[in-house]
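Asks: using only what follows, build the 3D model:
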Amino acid sequence: MLIPELPAYLSSMGGAEYKGLIIALFTLTAGISRPFSGKLTDTIGRVPVMAIGSLVCFICGFLYPVLGSISGFLFLRLVHGFSTGFKPTATAAYVADIIPNNRWGEALGIHGLCFSTGMAVGPALGSFITAFYSIDVLFWCSSAFAFLSIAILMNMKETISKKQKFKWSLLKISRFEIIEVQVLPAAIVTLLSYFGYGALLTLIPDWSGHLGIANKGLFFMTFTISSLLIRFVAGRASDRYGRVKVIKLSLFILIISFFLIGFAPSPGMLLTGSVVYGIATGILSPATNAWTIDLSRPEHRGKAMATMYIALEAGIGLGALIAGWLFQDAMYMVPFIFYLSAAVSFLALIYMLWRDRRLQAS
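Replies: Numbering: from 1, shown residues only. Have a look, this model is predicted:
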C-alpha cells in the first residue's frame with residue numbers, strides 16, 4: 001500500500017535526493033534483524049516472532065503522520081524494516097513445519113500466492129486512498145491491516161515442541177549464529193536476483209508517471225497478478241522437475257523482463273515488462289525458498305530462512321541504493337539502471353551454471 005506513494009511523499013517534504021533511502025533503510029534494518037529473528041524463531045517459537053513483525057507495522061502506520069520531517073520519515077523507514085526482518089522468517093519456517101518435504105515447493109507457492117495477492121491489491125489500493133482521501137489516511141489504513149494480521153496470529157498453534165521462554169540472553173548473537181552455511185548457494189542466487197527488485201521499488205513510481213501512467217500502483221498490481229497466476233503451477237514444478245532447473249529458467253525470464261522494462265517507450269510496453277517480471281518472480285520465489293529448506297537442517301530452519309532473507313534484503317537494499325544514487329530524478333538514466341539489473345541477474349544464472357559443472361565434475 002505504501003510503496004508507490006512514498007517517493008512523492010518524500011519529495012513533497014523536500015527530500016527528493018533521498019529516494020534511494022526509502023527502500024535501502026528499510027532493508028538495512030530488516031537485514032540486521034534477520035540473525036535475531038532466525039534465532040528467536042528456533043527458540044521462543046514461530047508465532048511470537050511473526051507477531052513482532054506485525055506489531056511493528058501496526059505502530060509505524062500511526063507514527064508516519066506524526067513524524068512529518070525528512071529525518072523523522074527516514075528514521076521510521078529504518079524502524080519499519082523490523083517488520084520484514086521478523087515476519088517472513090518465522091512464516092516460512094512455520095509453513096515448512098506443517099507441510100511434508102515432498103510438497104514444500106507447492107506449499108511455498110501457495111504461501112507466495114497470498115503474498116502476491118497483497119502485493120497486487122495493496123499498491124493500487126494505496127494510490128486510490130491517497131488520491132481520494134490523503135496520505136495520512138493511507139498510513140492509518142496500513143495499521144488497520146497490520147492489526148488484522150495480529151488477530152489471526154492469536155489463533156495459530158505453535159509448531160516447535162521445545163519452546164523456550166524469552167530472555168535477554170537470546171539476543172546475544174555469536175558469529176556462528178548469523179549465517180547457515182549450508183544454504184549459501186540459495187542465498188547467493190537470491191541476493192543477485194533481487195538487486196533489480198530494489199531498483200524497481202525505487203524507480204517505477206517515477207518511470208510510470210513519465211510514461212503516462214496515472215496510477216503509480218498499476219505496475220506493481222500487474223506484475224503481482226501475473227506472479228500470482230503462475231504460482232498455481234510454479235511451486236509444483238520445482239517439486240517435480242527439481243529446484244535448480246526451475247531456478248535457471250526463471251532467471252532467464254527475469255533478465256528478459258528487465259530489458260523490456262528499461263526499453264519501454266510506452267505504458268503498454270512497460271506493463272508487458274511488468275507481466276514478464278511477475279512470471280519470473282512467481283517461478284523463482286517458491287523454488288528458491290524450497291531450495292533453502294532442502295539445504296537446511298530441521299533444527300536450524302529459522303536460521304536458514306533468516307540467511308536467505310538477509311541475502312534478499314541485501315539485494316533489494318543494494319539495488320535501491322545504487323538506483324537512487326544513479327537516478328537523481330534524471331529519467332534518461334532509468335533504462336541504464338534496468339539494463340544493469342539484467343546484468344546482475346545474469347551473474348546469478350552464470351553462478352548456477354558454474355555450480356552445476358562443479359558438482360558434475362566432483
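
Asks: which parts of the strand or helix carrying Ile52 are buried?
Replies: For Ile52, the host element (DSSP states H and E) is helix 46-63. Across helix 46-63, burial judged by 16 or more other C-beta atoms under 10 Å covers 46-61, 63. All C-beta atoms are positioned from the backbone trio N, CA, C, and that covers glycine.

Asks: so what touches it?
Replies: Outside helix 46-63, the residues that touch it by C-beta atoms under 8 Å, 6 or more residues apart in numbering are 37, 40-41, 76, 79-80, 82-91, 93-94, 97, 139-147, 149-150, 153, 156-160, 166, 302.

Asks: and if you look at stretch 12-25?
Replies: So stretch 12-25 is in contact with 6-7, 10-11, 68-70, 73-74, 77-78, 81, 198, 201-202, 316-317, 320-325, 327-329, going by C-beta under 8 Å, 6+ apart.

Asks: can I get that stretch in PDB? Just the C-alpha atoms.
Replies: Only the C-alpha atoms of stretch 12-25 are listed here, as PDB (Å, rounded to 0.1, in the frame of the first residue of the first chain):
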ATOM      1  CA  SER A  12       6.900  16.900  -1.100                       C
ATOM      2  CA  MET A  13       8.900  17.300   2.100                       C
ATOM      3  CA  GLY A  14      12.000  18.400   0.000                       C
ATOM      4  CA  GLY A  15      13.800  15.100   0.200                       C
ATOM      5  CA  ALA A  16      13.900  14.000  -3.400                       C
ATOM      6  CA  GLU A  17      17.600  13.300  -3.300                       C
ATOM      7  CA  TYR A  18      16.900  10.700  -0.500                       C
ATOM      8  CA  LYS A  19      14.500   8.500  -2.600                       C
ATOM      9  CA  GLY A  20      17.100   5.700  -2.700                       C
ATOM     10  CA  LEU A  21      16.900   5.500   1.100                       C
ATOM     11  CA  ILE A  22      13.200   4.800   1.200                       C
ATOM     12  CA  ILE A  23      13.900   1.100   0.400                       C
ATOM     13  CA  ALA A  24      17.600   1.000   1.500                       C
ATOM     14  CA  LEU A  25      17.000   2.000   5.100                       C
END
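
Asks: mind pulling up the pLDDT for Ala199?
Replies: Note on Ala199: pLDDT of 92.
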